[in-house]
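Chemist: no sequence for this one, just the structure:
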């Protein structure tokens, strides 16, 4: 699959700390998608994947919560997906092909965005391998619109498009705090809306099922994550994410993504560091 990889990924630029470029012998394949073509408020998430890589060397490789060390596992940073400029549909298709390539190498995919519209491409590829795939969404926004500003693959439609390609229709939307009246009506009647206090309780019965986690970084409070395009007050802190990680230790995580970091909106760089730490936790859970 070397030729396919070379055609799909650009390996210029920074690499996530401790990662290899070649996937042989690795457990996880990390890749970036520098795309923000449907951004509806503040652009810049196309710079997110590079920023996460650049600050990652400032983190320890060891995670005390998981008692695991990146130095004890093999993971590949395959680079950036080669994407066309413009409409989101070809980008989503490129993400699907790239994720399928990662899976064909026997790796679990971890995608760095970029905006949230890219997630459905990765989910479609993972669901082709796991028909009973369950999705878990961390996000400030419901993302259940069928279209937004004329685009059906807008980042505001991310979960609607994921549901289109998710055979199980199993989606837990954790502590969503923003959306239209129609979206919240659907959240409540569908049973997908999961309060933060019920997170572990709702996840517990799903232990053993293949799980895909999508982390829109605006789920965190703007006080700790100002570097995102659509900040929403009333969000969450690292301790809440750590509670989720504690439960996910008992789950079969088969894929994940971290999206919506716009690093230039936070000159302090703290948002990028938080995103890199989220990435480290997910690498260790996938490994």
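Modeler: That came through, no problem. In this text, all values refer to a predicted model and were calculated from it rather than measured experimentally.
Chemist: what segments of this protein are helices?
Modeler: Ranges of helices in the chain, per DSSP state H, are 2-8, 48-56, 88-104, 119-127, 158-165, 181-190, 199-203, 238-248, 270-286.
Chemist: for the second one, packing partners?
Modeler: Contacting helix 48-56 under the criterion 3 or more C-beta pairs under 8 Å, 6 or more residues apart in numbering; DSSP states H and E are the following elements: strand 28-33, strand 108-113, helix 270-286. To be clear about C-beta, it is placed using only N, CA and C from the backbone, and glycine gets the same treatment.
Chemist: which of the helices of the chain comes out lowest on mean pLDDT?
Modeler: Lowest mean pLDDT of the helices of the chain: helix 2-8, a mean of 73.
Chemist: what's the spacing between stretch 142-162 and its chain's center?
Modeler: Counting by C-alpha atoms, centre = their mean, to the nearest Å, stretch 142-162 is centred 16 Å from the centre of its parent chain.
Chemist: might you report the residue contacts of residue 215?
Modeler: By C-beta atoms under 8 Å, 6 or more residues apart in numbering, residue 215 lies in contact with 138, 256, 257, 258, 259, 278, 282.
Chemist: then residue 77?
Modeler: Residues in contact with residue 77, defined by C-beta under 8 Å, 6+ apart, are 15, 16, 19, 20, 21, 30, 31, 53.
Chemist: grab the nearest non-local neighbour of the fifth one.
Modeler: Excluding its sequence neighbours, the residue lying closest to residue 21 (C-beta to C-beta, 6 or more residues apart in numbering) is residue 11, at 5.9 Å.
Chemist: list the contacts for that neighbour?
Modeler: Going by C-beta under 8 Å, 6+ apart, residue 11 touches 21, 78, 79, 80.
Chemist: can you redo the contacts of residue 77 as CSV with distance to residue 102 and neighbour count?
Modeler: Shown next, in CSV, are those (distance: C-beta to C-beta, whole Å; neighbours: other C-beta atoms under 10 Å):
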residue, distance to residue 102, neighbour count
15, 16, 18
16, 14, 24
19, 13, 19
20, 14, 14
21, 14, 12
30, 9, 29
31, 7, 28
53, 17, 24
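Chemist: in TSV: the residues you listed, plus distance to residue 59.
Modeler: Shown next, in TSV, are the contacts of residue 77 (distance: C-beta to C-beta, whole Å):
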residue	distance to residue 59
15	14
16	10
19	13
20	18
21	20
30	14
31	19
53	11
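Chemist: tell me the one among the residues you listed nearest to residue 198.
Modeler: If you rank the contacts of residue 77 by distance to residue 198 using C-beta to C-beta, residue 30 comes first, at 30.7 Å.
Chemist: got a pLDDT number for the closest one?
Modeler: Per the predicted model, pLDDT is 98 at residue 30.
Chemist: how much space between the nearest residue to residue 270 once chain neighbours are set aside and residue 136?
Modeler: Take residue 270 and drop its neighbours on the chain: the residue closest to it by C-beta to C-beta, 6+ apart is residue 224, 7.2 Å away. Distance from residue 224 to residue 136, counting by C-beta to C-beta, to the nearest Å: 21 Å.
Chemist: out of these two, which sits in the busier spot?
Modeler: residue 136 (25 against 14; other C-beta atoms under 10 Å).
Chemist: that one contacts residue 214, correct?
Modeler: Yes: between residue 136 and residue 214 there is a contact at 7.3 Å, judged by C-beta atoms under 8 Å.
Chemist: and the helices of the chain as TSV, adding distance to residue 152?
Modeler: Formatted as TSV, the helices of the chain follow (distance: least, C-beta to C-beta, whole Å):
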stretch	distance to residue 152
helix 2-8	24
helix 48-56	23
helix 88-104	8
helix 119-127	10
helix 158-165	7
helix 181-190	15
helix 199-203	29
helix 238-248	29
helix 270-286	27
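Chemist: nearest to residue 72, of those helices?
Modeler: helix 270-286 (9.3 Å).
Chemist: from the chain's centre, how far out does the closest one sit?
Modeler: With C-alpha atoms, centre = their mean, you get 10 Å for helix 270-286.
Chemist: the inter-axis angle of it versus helix 238-248?
Modeler: Here helix 270-286 runs at an angle of 10 degrees relative to helix 238-248 (axes from the mean of the first three to the mean of the last three C-alpha atoms, to 10 degrees).
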